[in-house]
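>>> Here is my input, please return the structure:
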Amino acid sequence: MTTTTAWTDDELDRVGHAEELQIASLRRDGGLSSRRTIWVVRLGDDIYVRSVNGPGSDWYRGTRVRQEGRILAGGVTRDVTFVDAADDEVNDAVDAAYRAKYGHYAAYIIQAITSPEASSTTIRLVPRPHGS
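Numbering: from 1, shown residues only. This next block holds a predicted model:
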């Protein structure tokens, strides 16, 4: 059994190119929450997400409970740990990645996903070992 805890190149490509990602957080009882569809960006060997509605959104609040969950994107299903990544350097790079990837959407949508409120919710998705 493989205990890989890094993204494979294939996973990075598939998740990074996916238009949308489905995310479900692990609840206190160990079950998964309902999946939510959100945007996703890749920076190098890392995958990032954030809440367009800021820290008050249901899915984001769910990530605070156990900091673990499951994602589905680009045909990849992976259990992940949610790592807070809301620092200025990372947020600037994530903002640029959102603008580059989703710039074909209306300006107000891009402004929302790159707002200070959304940036405060930036999460790096760290893959957990398969079978964990």
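>>> Could you list the buried residues of stretch 21-30?
By 16 or more other Cβ atoms under 10 Å, the buried positions in stretch 21-30 come out as Leu21, Gln22, Ile23, Ala24, Ser25, Leu26. Placement of C-beta: from N, CA and C, glycine included.
>>> Determine which two of those are furthest apart.
Leu21 and Leu26 (16.3 Å; Cβ to Cβ).
>>> Looking at the buried residues of stretch 21-30, spot the one nearest Gly56.
Nearest to Gly56, judged by Cβ to Cβ, of these is Ser25 at 15.1 Å.
>>> what's that closest one in contact with, if anything?
Leu32, Ser33, Trp59, Gly62, Thr63, Val65, Arg66, Glu68, Gly69, Phe82 (Cβ atoms under 8 Å, 6 or more residues apart in numbering).
>>> beta partners for the first one?
When assigned by DSSP bridges, Leu32 has beta-bridge partners Leu26.
>>> Give me the longest helix you can find in this protein.
The helix that spans the most residues within the chain, counting by DSSP state H, is helix 88-102.
>>> What average pLDDT does stretch 109-117 get?
What stretch 109-117 shows for mean pLDDT is 97.
>>> Quick check: end-to-end length of that stretch?
End-to-end distance of stretch 109-117 (Cα to Cα, to the nearest Å): 13 Å.
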